[in-house]
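Participant: return a 3D structure for these sequence lines:
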Amino acid sequence: MKRVKFVFVVTLLFVCSTTRAQFGDRLKNAAKNAAENAAVRKTEQKTDQAVSKGIDKATDPNSYKGEKKDDTKKDEPKAKTSNADNEDPPANTKQAGKSSEPQSVKSLEMAYAKSDFVAGDEIIFDDDGSREKLGEFPSQWDLISGVAEILAINNEKAIRLGGGTSIAPLMNNMKEYLPDAYTIELDFYNFEKSRITGGNDWYHFYFCDKDKRAVFDISVHPGHDDKFFRVSWYWKTPDGEERRGAEDVKNSPTGKFYRMSVSFNKRALKVYFDGVRLINIPNCAKASNFYVHSYGNSNNVYFIKNIRMAKGAVPLYDRMISEGKFITYGITFDIGKSTIKPESMGEINRIVELMKENPDLKFSVEGHTDNTGTSANNQTLSEARSQAVVDKLVEMGIAKNRLKAAGKGQTSPIADNSTDEGRAKNRRVEFVKF
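Facilitator: Coordinates of the predicted model:
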């Protein structure tokens, strides 16, 4: 009996030892596989980086400084900066202690201040990319063909489209969601000609009827001698006649983003690039839906970001008379900052004109945020943004005693904060008469 027990114990110890060794081997193999996968991913990132010359660590998720696990820090106010897209300021900026705003941003502000583009005042789609995960498919879009993913450029998230890719906004009714009057805005990357592998690469922005037949198409051809891009367009009249046009957008160097703004009102179509109107079609067929297509074989050149669709705008004065205030979504800011974006200048210019035409008007400028982040941070952020708007209006000639800043934070939502469109509606500036 003792011998049997002895044999049993020895056998048990052997089995346990073997199992433990096998388990240890499995752990080692798992760690090895994880390391190999990480190395592969690292190599892919480095390869993409090399191909994407001119993009600031575009394909390295670790390079995106805005990616934080703690969402409470996302909207934390930061020091004001007018340095668009985190680009290095040019050599001709002012000395320390004074404004260091790049001249290019000032030029953009002037262009937008002269622009007649009016952003829609009822948002139906909004994607600033702030809630997206790097490396994933953009959650607010539908894939029609090809491949798309979220990457970071100049520390800002953008949608990368592979060659031959088509994506469409994810809507409840994918065939018919554009109203009789609408605006669409987005930023696209003007890539360098040297980075094109096929020779014929461009963006297509298709506006289609409910049967997916194009009634209007904007084609942007980047990389023309690295100093401008070419825009060509096709449209149908309401009775089906096909027409075309084309023009170069001068003084538009490659390696940066440009904003395209589309305005449609019943049959009148206008398209702007960085606030300057390029296309003005008085008689165009109405579109029902919209999608983006990358034409060509190059895979690391097409990037879009900051996409917004809205129903057509109501004149500011009409809104103010009916409600004693008006809400504007045309004044936008850098994510988590109080820096006013250049494309806001068109709306700010209209407010200046309204106040100059009505010298008795006085406004409380009230900033509102969504509920992303902490209540305290959002309160501070909204106060800074309200003051930034007041400062800009005063700079443009409005008497200081006709304005006051009031940050409201996240305390007064007008839409559901659980949806992207709801959060976009809650991020607003209100002008309230006093």
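
Participant: pretty sure residue 378 is in a helix, no?
Facilitator: Yes. Counting by DSSP: H, G, I helix; E, B strand; the rest coil, residue 378 is found in a helix.

Participant: how many residues are close by it?
Facilitator: 27 (other CB atoms under 10 Å). (Glycine included, C-beta is placed from N, CA and C.)

Participant: residue 176: neighbour count?
Facilitator: Residue 176, neighbours per other CB under 10 Å, totals 12.

Participant: pLDDT value on residue 299, please?
Facilitator: Among the per-residue scores, residue 299 shows a pLDDT of 76.

Participant: for the residue lying closest to residue 285 once chain neighbours are set aside, list the residues it contacts.
Facilitator: Take residue 285 and drop its neighbours on the chain: the residue closest to it by CB to CB, 6 or more residues apart in numbering is residue 215, 4.2 Å away. Applying CB atoms under 8 Å, 6 or more residues apart in numbering, one finds that residue 215 lies in contact with 207-209, 235-236, 284-287.

Participant: now residue 281
Facilitator: The contact partners of residue 281, taken as CB under 8 Å, 6+ apart, are 235, 268-270.

Participant: using CSV, write out every CA atom in the helix or strand harbouring residue 233.
Facilitator: Under the criterion DSSP states H and E, the helix or strand holding residue 233 is strand 228-236. Below are the C-alpha coordinates for strand 228-236, written out as CSV (Å, rounded to 0.1, in the frame of the first residue of the first chain):
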residue,chain,number,x,y,z
PHE,A,228,-2.6,75.1,-56.2
PHE,A,229,-5.3,72.5,-56.7
ARG,A,230,-7.8,72.3,-59.6
VAL,A,231,-11.6,72.0,-59.1
SER,A,232,-13.9,70.7,-61.9
TRP,A,233,-17.6,70.2,-61.5
TYR,A,234,-20.5,68.6,-63.3
TRP,A,235,-24.2,69.3,-62.8
LYS,A,236,-27.7,68.7,-64.1
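
Participant: then the helix or strand just after it to CSV, C-alphas only?
Facilitator: Beyond strand 228-236 on the C-terminal side, the first helix or strand identified by DSSP H and E is strand 242-249. What follows is strand 242-249, C-alpha atoms only, in CSV (Å, rounded to 0.1, in the frame of the first residue of the first chain):
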residue,chain,number,x,y,z
GLU,A,242,-25.8,68.3,-68.3
ARG,A,243,-23.2,71.0,-67.9
ARG,A,244,-19.6,71.4,-66.7
GLY,A,245,-17.0,73.8,-65.4
ALA,A,246,-13.5,74.0,-64.1
GLU,A,247,-11.1,76.4,-62.4
ASP,A,248,-7.8,76.4,-60.5
VAL,A,249,-7.6,77.5,-56.8
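
Participant: and the helix or strand just after strand 242-249, which strands flank it?
Facilitator: For strand 242-249, the following helix or strand on the C-terminal side (DSSP H and E) is strand 256-265. Taking DSSP bridges as the criterion, strand 256-265 pairs within the sheet with strand 181-190 (antiparallel), strand 268-273 (antiparallel).

Participant: give me the element the residue nearest to residue 285 is part of.
Facilitator: When secondary structure is defined by DSSP H and E, residue 215 falls within strand 214-224.

Participant: strand 256-265 and that strand, what's the angle between them?
Facilitator: Computed with axes from the mean of the first three to the mean of the last three CA atoms, to 10 degrees, the direction of strand 214-224 lies at 160 degrees from that of strand 256-265.

Participant: ok and strand 214-224 relative to strand 242-249, angle-wise?
Facilitator: 30 degrees.

Participant: run the chain-centre distance for strand 214-224.
Facilitator: Relative to its parent chain, strand 214-224 has a centroid offset of 19 Å by CA atoms, centre = their mean, to the nearest Å.

Participant: avg pLDDT for that strand?
Facilitator: Mean predicted lDDT for strand 214-224 stands at 87.

Participant: what lies in contact with stretch 400-409?
Facilitator: Residues from elsewhere that reach stretch 400-409 (CB under 8 Å, 6+ apart): 355, 361-369, 375, 378-387, 389-390, 393-394, 434.

Participant: recalculate using a threshold of 6 Å.
Facilitator: With contact meaning CB atoms under 6 Å, 6 or more residues apart in numbering, stretch 400-409 is reached by 362-369, 378-379, 382-383, 386-387, 390, 393-394.

Participant: of those residues, grab the buried ones for ChimeraX.
Facilitator: Buried members of those, identified by 16 or more other CB atoms under 10 Å, are gathered into one ChimeraX selection as follows:
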select :362,363,364,365,366,367,368,369,378,379,382,383,386,387,390,393
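
Participant: now, which of the contacts of stretch 400-409 lie within helices?
Facilitator: In this view, those that belong to helices under DSSP state H are 378-379, 382-383, 386-387, 390, 393-394.

Participant: which residue is the nearest non-sequential neighbour of residue 307?
Facilitator: Take residue 307 and drop its neighbours on the chain: the residue closest to it by CB to CB, 6+ apart is residue 186, 4.3 Å away.

Participant: show me what counts as buried in stretch 367-377.
Facilitator: Counting neighbours by 16+ other CB under 10 Å, one finds that the buried residues in stretch 367-377 are 367-374, 377.

Participant: and what of stretch 312-332?
Facilitator: Judged by neighbour count (16+ other CB under 10 Å), stretch 312-332 contains these buried residues: 312-313, 316, 319-320, 326-332.
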